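# just the structure for this:
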Amino acid sequence: MSDWGEAALARLRAAVARGDGAAGLAALEGRPLEPVLQYAGDVLVAARGLPGADALAGACADALRCRGRPGDAELADEIEGRSELSPLPVDLGAVAAAMDDGLQVLDLERGDVLPAGEVEGLPIPPAALPEGEDARRGAARGWLAGQGYRAVPRRL
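I've put the predicted structure just below:
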């Protein structure tokens with residue numbers, strides 16, 4: 001990812017995990033949104049109302065709608081404040097990893113991804129996921145939205 005070295009990407013991932021809009025905006029500053037649209041969208045939802053967030057949010061939502069990959073439309077709706085999905089504190093990376101084997105469930109109370117049979121939960125189906133972290137995150141978001149949920153940051 002040009003302009004997205006590992007350190008910058010790590011800062012963006014951390015901001016998303018914490019729901020820290022200000023840190024996320026700082027990580028996005030001067031870098032292209034396209035390689036990280038799924039992370040950028042999550043940061044911009046968290047940054048709603050902060051200086052500079054609105055213009056980036058509009059650009060991100062437009063880019064997501066133009067790209068049209070799984071999970072993009074749902075995230076664009078969330079950025080624009082039009083999502084009617086129920087919030088669930090879940091790690092989209094963990095959901096994507098679980099989709100690789102389909103032998104796990106999503107605990108709908110805590111948002112944990114757990115081995116099937118450990119708890120009652122929503123079975124995560126196996127799926128052929130696209131290449132790339134952003135695309136895998138979007139596929140997990142798309143599946144989650146199909147179940148009526150949207151990912152929100154996990155709080156300890």
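
# could you list the buried residues of stretch 16-36?
16, 19-21, 23-28, 31, 33-36 (16 or more other C-beta atoms under 10 Å). Bear in mind the C-beta positions are built from the backbone N, C-alpha and C, glycine included.

# what does stretch 105-115 give?
105-108, 111-114.

# about what we covered before: let me know the closest of the buried residues of stretch 16-36 to Ala151.
Ala151 lies nearest to Val16 out of the buried residues of stretch 16-36, by C-beta to C-beta, at 9.6 Å.

# let me see the contact set for the residue nearest to the closest one when sequence neighbours are not counted.
Excluding the flanking residues, the one nearest Val16 by C-beta to C-beta, 6 or more residues apart in numbering is Asp42, at 4.6 Å. The neighbours of Asp42, taking C-beta atoms under 8 Å, 6 or more residues apart in numbering as the test, are 16, 24, 75, 151.

# before we move on, what about Ala27?
For Ala27, the contact set (C-beta under 8 Å, 6+ apart) comprises 8, 11-12, 15, 43.

# inside helices: which ones of those residues?
Under the assignment DSSP state H, these contribute 8, 11-12, 15, 43 to helices.
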